[in-house]
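[1] Dropping a prediction and its sequence here:
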Amino acid sequence: MSAVSVQFQGVGKRFGNRSVLAAVSGTLRQGQVLVVAGPNGAGKSTLLNILAGLLRPSRGEVVYRDDDGPLPRPRWFERLGMAAPDMSVYEELSALENLRFFARLRGLHLEDAALRGVLEGLGLAPREQTRLVGTYSSGMKQRVKLAQAVLHDPPVLLLDEPSSNLDETGHEVVAGLVARFRERAAVAVATNDPRERAWADARIDLAL
C-alpha cells in the first residue's frame, strides 16, 4: 500500500452555538508523528474524528493523498487505523474473536496466527487472547482497541490518548508501536501526557 498524507486546512467545528475548533491546519506525513495537545475540551478528540472522517468539519477541508493524487472520502477507511477511549470492543467475544470480526469488516482474510501476533505484540499473552473481553481490565481492553487499529498495517494511524488505562509497561508498548509506525505511516496522537508529547515531530496546541 502506497504512502498516504493527510492535509487539513482551516478546519473548524461547531456544535450548535458552541465552537470547538477554529481554523486548524496541518499535515500528517509518513515518517512523522503529529501530536495534538491542549486542555480537556479544547477539541483534540474532535480534530482526530474529523481527520478519520467520522465527523464533518463545519468549515475547512481534509484531503487524503496517495501517489496517484487525492483519495475519495469512501476510501479513507481502508487507509487508516484509529484507537480512541470512546471506541468499543465486543465484550461478549474474546480478543481473538474481536480481531477476526474487525478483519472481516475490512475485507481482510488474515490467519489466526497473524492476529495472535498483533495481540501478542501489544502485550496480550496467548492464554489471554481467548478470554472474553468482558473479563478484561481496562488496560487490557485498551490493548485490544490498539490491536484493531493496526491489524491491517495502515498508512495513517490516529491515536487518541493511547496510553489511557495503561501502566508503565503498557506505555512502553505503545511507545514501541508508535516508533514502528513512524517509519512507515503518518501518525497523529492526541494527548496531554508529557511522555507522549515527547514523541512529536510536529505539534498543534489547541486552546479553550
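    Perfect, thanks for sending it. Being a predicted model, the structure only gives us computed values, none of them experimental.
[2] Quick check: end-to-end length of stretch 22-39?
    End-to-end distance of stretch 22-39 (Cα to Cα, to the nearest Å): 15 Å.
[3] err, stretch 88-97, not the other one
    This stretch, stretch 88-97, spans 14 Å end to end (Cα to Cα).
[4] Could I get the buried residue list for it?
    Under the neighbour-count criterion of 16 or more other Cβ atoms under 10 Å, stretch 88-97 has 89, 93-97 buried. In this view, the C-beta of every residue, glycine as well, is placed from N, C-alpha and C.
[5] I'd like the residues you listed written out as JSON lines, with distance to E172, pLDDT and secondary structure added.
    Compiled in JSON lines, the buried residues of stretch 88-97 are given as follows (distance: Cβ to Cβ, whole Å; pLDDT from 0 to 100; DSSP: H, G, I helix; E, B strand; the rest coil):
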{"residue": "V89", "distance to E172": "22", "pLDDT": "95", "secondary structure": "coil"}
{"residue": "L93", "distance to E172": "27", "pLDDT": "98", "secondary structure": "coil"}
{"residue": "S94", "distance to E172": "25", "pLDDT": "98", "secondary structure": "strand"}
{"residue": "A95", "distance to E172": "20", "pLDDT": "98", "secondary structure": "helix"}
{"residue": "L96", "distance to E172": "23", "pLDDT": "97", "secondary structure": "helix"}
{"residue": "E97", "distance to E172": "27", "pLDDT": "98", "secondary structure": "helix"}
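[6] which of those residues lies closest to A125?
    Distance to A125 across the buried residues of stretch 88-97 (Cβ to Cβ) is lowest for A95, with 10.4 Å.
[7] residue contacts, that closest one?
    Counting by Cβ atoms under 8 Å, 6 or more residues apart in numbering, A95 makes contact with 119, 124, 128-131, 133, 136, 140, 143-144, 147.
[8] Same question for F102.
    F102 touches 148, 151, counting by Cβ under 8 Å, 6+ apart.
[9] Phi and psi next, for it.
    Dihedral pair for F102: phi -70, psi -30, per degrees, to the nearest 10.
[10] mind saving the C-alpha coords of stretch 56-72 as PDB?
    Below are the C-alpha coordinates for stretch 56-72, written out as PDB (Å, rounded to 0.1, in the frame of the first residue of the first chain):
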ATOM      1  CA  ARG A  56     -17.600  16.500   9.000                       C
ATOM      2  CA  PRO A  57     -16.000  19.900   9.700                       C
ATOM      3  CA  SER A  58     -18.200  23.000   9.900                       C
ATOM      4  CA  ARG A  59     -15.600  24.800   7.900                       C
ATOM      5  CA  GLY A  60     -12.300  23.900   6.100                       C
ATOM      6  CA  GLU A  61     -11.400  20.700   4.400                       C
ATOM      7  CA  VAL A  62      -9.400  17.400   4.900                       C
ATOM      8  CA  VAL A  63      -7.700  15.800   1.900                       C
ATOM      9  CA  TYR A  64      -6.100  12.300   1.800                       C
ATOM     10  CA  ARG A  65      -3.500  11.800  -0.900                       C
ATOM     11  CA  ASP A  66      -1.500   8.900  -2.100                       C
ATOM     12  CA  ASP A  67       0.900   8.600  -5.000                       C
ATOM     13  CA  ASP A  68      -1.900   8.900  -7.500                       C
ATOM     14  CA  GLY A  69      -3.500  12.000  -6.000                       C
ATOM     15  CA  PRO A  70      -6.400  12.800  -3.800                       C
ATOM     16  CA  LEU A  71      -8.400   9.900  -2.400                       C
ATOM     17  CA  PRO A  72     -12.300   9.900  -2.400                       C
END
